[in-house]
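# Provide a 3D model corresponding to the input given below.
(one chain, ligands or ions: 1)
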Amino acid sequence: MDPTLDIAVVGAGIGGLAAAGLLASQGHRVRVFEQSPTPGPRGAGLLLQPTGQFVLGRLGLGETLRSLAAPVHRLEGRNHRGRTIMNLAYADLAGRNEPGGSRRAPHGYGVHRGALFTMLLERAERAGAAIVPDTRIDAIERDATDNHYWRLLASAGATGAGDRSERLDGRFDLAIVADGSRSVLRERLCPTCRAKPYPWGALWFVAEDRTGAFEGALRQVYRSTTSMVGWLPTGLAAADGERTVSVFWSAPARTLEVIRAGDIDAWRRGVLDLAPELTPLVAQIDSPESLIPATYMDVDATLSPRPGIVLLGDAAHAMSPQLGQGANLALLDAWALARSLDASLRVAPVPVAMAAIHKTLGRSRRGQVRFYQRASRWMTPWFQSGLTPLSWPRDFLMGPLCRAPLLRRQMLLSLAGVKTGLLRSMVVPDGAAQPPPTRAP
Ligand SMILES: Cc1cc2nc3c(=O)[nH]c(=O)nc-3n(C[C@H](O)[C@H](O)[C@H](O)COP(=O)(O)OP(=O)(O)OC[C@H]3O[C@@H](n4cnc5c(N)ncnc54)[C@H](O)[C@@H]3O)c2cc1C
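Predicted coordinates for the structure are as follows:
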């Protein structure tokens, strides 16, 4: 069987580009439509867990990742009085896997978004995917002559709403909606699905780590639930670049622009009051424009609303970055889709394969996605909210709970991205150590 499909991917973000790379490697004709005239990442760095590293390894990007990203071995959190709230070392998961899993110590990788974007984009293009910029997809509709196919309606650019939508040339066996947390297409395909903005967000900036003092760990400092500053080593933006560290400052979403427009020196003093060691980093902020505002959504949508349409990444399940899992889940969605498409097409004609994916993809991803959605929703107010009394039990209990072996292990499994239920988890994969696939995945 093994037919070649025409596949449209909406959104050249992390999930869309990973899916494009995997599916183009399987021999499909893939076109990626991106609303931005100059596709690129927005925001600072992010933490890739062993799960996300596994998918990058399967894309053959393990070595590139290792050369650009910064290993993260621990998560450390303290309150403003210096009391330890969290201290989790990935190394404690080493040798604790089920048979078949890694015996090596896993770790996270802090990666600059620019570096991650470039490696995924180049990989997709190398595999033959075509990137179509400046094309905002407004709707997906069935082909009028053969309803197994989908057609796309598009307008130019990210602000294309006012322009006239036009039907694009070509029809597609599969449309992958990877247009992020504020997906317009999700709203059309699933108007009743949960899509709620979080009231809190963050200001981010990327600084240079000139001495290497910020390597090795994701660190956070909290005062009550209302102030938090964190910093993550994020490696090199490009092979010839400087070592970077991404710093974030938590604040109510409605105040992010107010802070940027206000007295940056006063804000800087607030950051240093919580974390004086950040002096060499915050000194690098020369204008409010270098502070990047980020807000989050809580989204819960089905992964395959129709046969032949797949929602992937934030479009289906955006969450607060409290547990640092969104990009990892998007990569795993892409991997699950590529595998399931490959398996279905080997035994069934295209319409049957699409029906099978429609039935099984959401089910195969449900446990893991649901766990992280709920855990992020539950955890976020303890660290980012106006509910200050929550910080009392947090500051008093979390340090000791992190030391209790059973809970510590569950926390570490959650951090590593492998939880699939409250007491269930998958094997911690061997991360970016995976060799590139020798044949289509
Ligand atoms: C502050 C912050 C910190 C985070 N930290 C982490 C972390 O440490 N670890 C982690 O795993 N995750 C983290 N995340 C989450 C992670 O960034 C997202 O989960 C991930 O980017 C989702 O990828 P995606 O491909 O689904 O969407 P995106 O990366 O958002 O890509 C969507 C793309 O679609 C394009 N697009 C949108 N609409 C259209 C349209 N109609 N037509 C065409 N193109 C369109 C957009 O321009 C964009 O390029 C963080 C998120 C935030 C906000």
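# Enumerate every residue touching residue 369.
316, 317, 329 (CB atoms under 8 Å, 6 or more residues apart in numbering). No exception for glycine: its C-beta is placed from N, CA and C like everyone else's.
# Then residue 69?
With CB under 8 Å, 6+ apart, residue 69 has these contacts: 48, 109, 110, 111, 112, 115, 234, 235.
# Look up the closest residue to the fourth one, ignoring the ones flanking it.
This means residue 111. In space, residue 111 comes closest to residue 69 once its chain neighbours are excluded; the distance is 4.2 Å by CB to CB, 6 or more residues apart in numbering.
# So what's the residue count around residue 374?
As a burial measure, residue 374 scores 13 neighbours (other CB atoms under 10 Å).
# what about it, helix or strand, and which?
helix 350-383 (DSSP states H and E).
# one step back: take the contacts of residue 369 and write them to TSV, including neighbour count.
What follows is the contacts of residue 369, written out as TSV (neighbours: other CB atoms under 10 Å):
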residue	neighbour count
316	29
317	29
329	27
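# In this protein, where is pLDDT below threshold?
1-2, 95-104, 157-163, 431-441 (pLDDT under 70).
# tell me how far stretch 117-130 is from the chain's mean position?
18 Å (CA atoms, centre = their mean, to the nearest Å).
# And that stretch, what's buried?
Buried residues in stretch 117-130, counted by 16 or more other CB atoms under 10 Å: 117, 118, 119, 120, 121, 123, 124, 125, 127, 129.
# Which phi and psi values does the residue of the chain positioned farthest from its centre adopt?
Largest separation from the mean C-alpha position in the chain: residue 145, at 37.5 Å (CA atoms, centre = their mean). Dihedral pair for residue 145: phi -90, psi -30, per degrees, to the nearest 10.
# That one and residue 29, how far apart?
Per CB to CB, to the nearest Å, residue 145 is found 20 Å from residue 29.
# between the buried residues of stretch 117-130, which is nearest residue 394?
Comparing these against residue 394 with CB to CB places residue 117 closest, at 34.6 Å.
# Next up, the contacts around that closest one.
For residue 117, the contact set (CB under 8 Å, 6+ apart) comprises 14, 17, 39, 40, 41.
# Can you classify the residue lying closest to the third one once chain neighbours are set aside by secondary structure?
Using CB to CB, 6+ apart and skipping the chain neighbours, the partner closest in space to residue 39 is residue 12 (4.5 Å). Reduced to three states with DSSP: H, G, I helix; E, B strand; the rest coil, the structure at residue 12 is coil.
# tell me which residues in stretch 145-160 are buried?
The neighbour-count check on stretch 145-160 (16+ other CB under 10 Å) flags 149, 150, 151, 152, 154, 155, 160 as buried.
# of all the contacts of residue 69, which comes closest to the ligand?
Each of these was scored against the ligand by CB to the nearest ligand atom, and residue 48 proved nearest at 6.5 Å.
# Return the subset of the buried residues of stretch 145-160 lying in strands.
If you go by DSSP state E, those have 150, 151, 152, 154, 155 in strands.
# Give the bridge partners for the first one, please.
Listed by DSSP bridges, the beta-bridge partners for residue 150 are residue 142, residue 172.
# For it, give me its contacts.
Contact partners of residue 150, counting by CB under 8 Å, 6+ apart, are 8, 140, 141, 142, 143, 171, 172, 173, 174, 175, 308, 309.
# now the nearest residue to residue 91 once chain neighbours are set aside: how far from residue 365?
Nearest residue to residue 91 in three dimensions, chain neighbours excluded: residue 105, at 4.4 Å (CB to CB, 6+ apart). Separation of residue 105 from residue 365 (CB to CB): 27 Å.
# Which one's more surrounded, those two?
Shown here are residue 105 and residue 365; by other CB under 10 Å, residue 365 has more neighbours (22 against 14).
# Touching, the more buried one and residue 336? I think so.
Yes: between residue 365 and residue 336 there is a contact under CB atoms under 8 Å: 5.7 Å.
# So which residues on this structure come close to the ligand?
Counting by CB under 6 Å from any ligand atom, the chain comes close to the ligand at 10-16, 33-36, 43, 46-47, 136-137, 178-180, 184, 202, 204, 294, 296, 313-315, 321, 324-328, 330.
# same thing but 5 Å
Selection of the chain residues close to the ligand by CB under 5 Å from any ligand atom yields 10-11, 13-15, 34-36, 46-47, 136-137, 178-180, 294, 313-314, 321, 324, 326-328, 330.
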